[in-house]
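Undergrad: Structure, please.
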Amino acid sequence: MKKKIKIFLTIGPSSLNKQFLAFAEKKKNLISLIRINLSHVSYKNLLNQIIFINKYCSIPICIDTEGAQIRTKVKNKLFIKKNKIFFLYKKKNNFNLYPENVFEKLKKNDKLNIGFEGLVAKVISKNQIYIKLKTLSPGVLENNKGVHLENRNIKLNYITKKDMDCIFMAKKLKVKNFALSFTNTISDIIKFQKLLPHEKKIYKVESSQAIKNIKSFFLKENNFLIDRGDLSKSIGIENIPIAQRKILNQAKNRKNIHVAIATNFLESMITKPFPTRAEVNDIYNALELGADNLVLAAETAIGKYPKECVIFLEKIINTYKKFKG
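TA: Purely as a prediction, here's the structure:
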């Protein structure tokens, strides 16, 4: 085998406990990183999480930034029917967007794809207080979900203020690994390099812009992560297999390029103790295509069977190694 295949696992309510961390410690030859997703952790809670993880586990922590993404701020979750009128407010109300300056950037006829429950809405009108939206496709509006503009790109800062504050805190606690979400341009990479000149960095590919720039990315850095969730919103879910193959094929032709793959590997195991046949095939295909690392996200963060997910990934990795010799 040309390389060791490792697992990155995401910590969350299901796994932030002594028992799971003790289990992870026993698997530290398999698990190379414990990922903290800043999109779901407050600045206030980050300190306690890092201290707790380090107390019970020696696996390195990776801080995964929020990055250049629009997210919802919703007080009350609700299902919105097709052709329904609803309102996005600039300041505190039931529905706002984060970062706050996104409100100013939106304009009439923009199409917002919200979360992963099918909700798509169009901007009908706008004033200084609220934006009037109409649903093109029904779905669920809930808190802290990603929002993608279907019709155009808008310029966002490559990291948020919260990201910056959390990075400084994590560095003081000797965290050495950081991931940049929504790496879109070479400029994003250069800025992150200057911010973290001595730390290990991972650049996440999760937009059409990143796909277009992947060749130049490979000339500048060598650690990448394909986030198939947000990428599917940007390029269309039907194009994920093509994008995954394109990136991994290009990585094979270059020295020292490492690519991890994330999202939906064991989605069914969030609620069930066993995977589907399609998931098993997906994981094996990813390994065969050349993935260096497999990422567990919701499976270990909020799923009912975090240990079982790690054990099953290990089984598939071992099966792949045995077959490939």
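Undergrad: got the domain boundaries for this structure?
TA: Taking automatic domain parsing as the reference, the chain has its domains at 6-69+156-324, 70-149.
Undergrad: Could you pull out the helices in the stretch 1-150 of the chain for me?
TA: Secondary structure of the stretch 1-150 of the chain (DSSP state H, counting those that start in this stretch): helices located at 18-26, 43-56, 102-105.
Undergrad: how much does the first one deviate in direction from helix 43-56?
TA: Note on geometry: by axes from the mean of the first three to the mean of the last three Cα atoms, to 10 degrees, helix 18-26 and helix 43-56 are set 60 degrees apart in direction.
Undergrad: Now helix 18-26: buried residues?
TA: Counting neighbours by 16 or more other Cβ atoms under 10 Å, one finds that the buried residues in helix 18-26 are 20, 21, 23, 24. In this view, the C-beta of every residue, glycine as well, is placed from N, C-alpha and C.
Undergrad: Other residues contacting it?
TA: Contacts of helix 18-26 with the rest of the structure, by Cβ atoms under 8 Å, 6 or more residues apart in numbering, involve 9, 14-15, 31, 34, 53, 56-59, 300, 306-307, 310.
Undergrad: Poorly predicted segments of the protein, please.
TA: Residues of the chain meeting the criterion pLDDT under 70: 1-2, 325.
Undergrad: residue ranges of the strands in the stretch 1-150 of the chain, please?
TA: 6-10, 31-37, 61-64, 70-74, 78-80, 85-89, 95-98, 111-114, 119-126, 130-137, 139-141, 146-149 (DSSP state E, counting those that start in this stretch).
Undergrad: dump the residue contacts of the residue nearest to residue 153 when sequence neighbours are not counted.
TA: Counting by Cβ to Cβ, 6 or more residues apart in numbering, the nearest residue to residue 153 once its immediate chain neighbours are dropped is residue 209, at 6.9 Å. Under the criterion of Cβ under 8 Å, 6+ apart, the contact list for residue 209 reads 153, 184, 185.
Undergrad: For whichever strand or helix holds residue 192, C-alpha coordinates in PDB please.
TA: Here residue 192 sits within helix 186-195, counting by DSSP states H and E. Extracted as PDB, the C-alpha positions of helix 186-195 are listed here (Å, rounded to 0.1, in the frame of the first residue of the first chain):
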ATOM      1  CA  ILE A 186      -5.500  31.300  -3.900                       C
ATOM      2  CA  SER A 187      -5.900  34.500  -2.000                       C
ATOM      3  CA  ASP A 188      -7.800  32.600   0.700                       C
ATOM      4  CA  ILE A 189      -4.900  30.100   1.000                       C
ATOM      5  CA  ILE A 190      -2.300  32.800   1.200                       C
ATOM      6  CA  LYS A 191      -4.200  34.600   4.000                       C
ATOM      7  CA  PHE A 192      -4.600  31.400   6.000                       C
ATOM      8  CA  GLN A 193      -0.900  30.600   5.500                       C
ATOM      9  CA  LYS A 194       0.000  34.000   6.900                       C
ATOM     10  CA  LEU A 195      -2.400  33.700   9.800                       C
END
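Undergrad: so how far is that helix from its chain's centroid?
TA: Relative to its chain's centre, helix 186-195 lies at 19 Å (Cα atoms, centre = their mean, to the nearest Å).
Undergrad: repeat for stretch 75-91
TA: Distance of stretch 75-91 from its chain centroid, counting by Cα atoms, centre = their mean, is 25 Å.
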